Structure formats: C-alpha cells, structure tokens
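Engineer: can't give you the sequence, but here's the structure:
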C-alpha cells in the first residue's frame, strides 16, 4: 500500500513539473522571427495573439487595398486593431516592402 501511495505522489509531482514547464515556455509566435505583414497568409496571421479569422482576413484586405503596409503602425488602420492590440503585436510583426521589378533585376 505504501508503494502505491509513493508511486502516486511521484507521478503527481512529475505531472506538476511538466505543467509548470509548459506554462513558462514562450509561444511559437514569440520565439520565431517577426511575421511580415506584407507576405503573411491568413493562417499565419491567425497564429498571432488576439487575431482570429475575421481580423486576419481584414489585414489581408487592407494590404491589398492599400498596396501593402508601409510601417508596422499601419496595422492600427485595420478595423478591430486598436492601440492595445497593436502594443501586443508590434514586436511580433514586421514590414518589408515587396521587391519591385527594377530592384529584382539588379
């Protein structure tokens, strides 16, 4: 009986440690390179914190209508992304201009 109780306690401690490690591990979005708002797919955008399918679609639509993001702060021009949301996202995203034909030829 003592062995059974000891085994249960050890197993319980092991699960607790694994859970604590999972909680402290940063998300994939936080550990990878910043996501380019001018090239990201809707699925990639949805991996950002607080971005669901509708907001991801609005980001892509804004990008298409405006000719792309010029600066990261332009993200606040997308309906549904205010200053608070932007502050959570600004270190996770970047903007690089698409290469023009002239730049690609050089």
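Structural biologist: Right, received. Where do you want to start? Everything quoted here is computed from the prediction, not taken from an experiment. Numbers count the residues shown, from 1 in each chain.

Engineer: Let me see the contact set for the nearest residue to residue 52 once chain neighbours are set aside.
Structural biologist: Leaving aside its sequence neighbours, residue 52 sits nearest to residue 46 (Cβ to Cβ, 6 or more residues apart in numbering; 6.5 Å). For every residue, glycine as well, the C-beta is placed using N, CA and C. Residue 46 sits next to 52-53, 56 when contact means Cβ atoms under 8 Å, 6 or more residues apart in numbering.

Engineer: Could you pull out the helices in the chain for me?
Structural biologist: 2-24, 28-31, 42-46, 53-66, 83-89, 101-105 (DSSP state H).

Engineer: Tell me the pLDDT of residue 105.
Structural biologist: Residue 105 is assigned 49 on the pLDDT scale.

Engineer: repeat for residue 79
Structural biologist: 96.

Engineer: is it true that it touches residue 58?
Structural biologist: Yes. Using Cβ atoms under 8 Å, residue 79 makes contact with residue 58 at a distance of 5.7 Å.

Engineer: who has more neighbours, those two?
Structural biologist: residue 58 (17 against 11; other Cβ atoms under 10 Å).

Engineer: okay but that one is in contact with residue 66, surely?
Structural biologist: No. Using Cβ under 8 Å, residue 58 is not in contact with residue 66, being 11.8 Å away.

Engineer: quick one: low-confidence parts of this protein?
Structural biologist: Within the chain, the stretches with pLDDT under 70 are 1-31, 98-106.

Engineer: please redo it, this time with the cut-off set to 80
Structural biologist: 1-32, 97-106 (pLDDT under 80).

Engineer: how many neighbours does the closest residue to residue 33 other than its chain neighbours have?
Structural biologist: Among residues not flanking residue 33 along the chain, residue 94 sits closest, at 8.0 Å (Cβ to Cβ, 6+ apart). For residue 94, the neighbour count with other Cβ under 10 Å is 16.

Engineer: Please consider this matter closed, and thank you.
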